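Trainee: Predicted model follows, preceded by the sequence.
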Amino acid sequence: MRIRYNFAFKDSKLSPWQRPAPPNILVSDASLKKKIIFLYQEFHKNSELFYPSSLILILSAGIYFLNIFPNLTIKKLEADHNQFLLISSKLNDLNLSKQRYRKNLNNIADYFTKPTSSYLFAFYLQNSVPKGVKINSYSFSDNGFDINVSAYNLDSLNEFITLIIESPIVQKKTVTVSQVNRINSNKGDNISSKFDLEIYGLIEKFDIKKREALYVESNANGLLRKLNRFIYLKLLLRG
């Protein structure tokens, strides 16, 4: 606590003494050399105070100067890095879209690759019916066919069987004639005979190239365009 009144010097001609402060050579007119020597001496007199802090300052300055070049390089590459992140994000979105489209394409691949088109069956069946043969009924599926025809002579039926066997959509070894019936009919004084025949077999399974060739041969332009789009998409998504 500061003493506001000094009773020792009451009615006294003495004046209080204060220890004079040491001269501050740094703010004096001393030469630069003396100032440096003074700082050096003070530094060594108080080594336990100045050494740790000086070491920390030196290390901090060293680390700062060592990081100047990497920081400048990072600053220069920051725009490229941001652009790289943007492109990477777009590529990831594109890959996800490709996977989604590839999955959807695989879901409909069977439609273009496995079944035999009813158009192809009808086209080649029509080309297999010679003059004098009538188709009474037929059924068709992905697995096989069953046809019932009639004719007034056996030669027409034999020709029909030959053309069916040679059809590119029929498995030749599976074609079977189940029965041939002869039906007599009377028209006045004329007696005529008609032959009924039932034939069945299995359908060929085509690869894409064979299917494309059959579409071209049968002029199935709409089916050919769909198949070509499917092939194009598969090649596009393969990359």
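Mentor: Yes, it's here. Residues are numbered from 1 along each chain as shown.
Trainee: In the chain, spot the helix with the most residues.
Mentor: Longest helix in the chain by number of residues (criterion: DSSP state H): helix 68-113.
Trainee: Please compute how far that helix lies from its chain's middle.
Mentor: Helix 68-113 sits 9 Å away from the centroid of its parent chain (CA atoms, centre = their mean, to the nearest Å).
Trainee: quick one: pLDDT of Ile135?
Mentor: With respect to pLDDT, Ile135 has a value of 91.
Trainee: Next, the contact list for it, please.
Mentor: The neighbours of Ile135, taking CB atoms under 8 Å, 6 or more residues apart in numbering as the test, are 125, 129, 147-149. Any C-beta I mention is one placed from the backbone N, CA and C, and that applies to glycine too.
Trainee: Just the residues you listed: which are in strands?
Mentor: Secondary structure assignment by DSSP state E places 147-149 of the contacts of Ile135 in strands.
Trainee: pLDDT at the residue positioned nearest the centre of the chain, what is it?
Mentor: When CA atoms, centre = their mean is applied to the chain, the residue found nearest the centroid is Asn95 (2.7 Å). Per-residue confidence (pLDDT) for Asn95: 84.
Trainee: Could I get the contacting residues of it?
Mentor: Applying CB under 8 Å, 6+ apart, no residues contact Asn95.
Trainee: if we can go back for a sec, kindly reformat the contacts of Ile135 as TSV containing pLDDT, distance to Leu236 and neighbour count.
Mentor: Converted to TSV, these look like this (pLDDT from 0 to 100; distance: CB to CB, whole Å; neighbours: other CB atoms under 10 Å):
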residue	pLDDT	distance to Leu236	neighbour count
Leu125	90	36	19
Val129	90	42	18
Ile147	92	41	20
Asn148	92	46	17
Val149	92	46	22
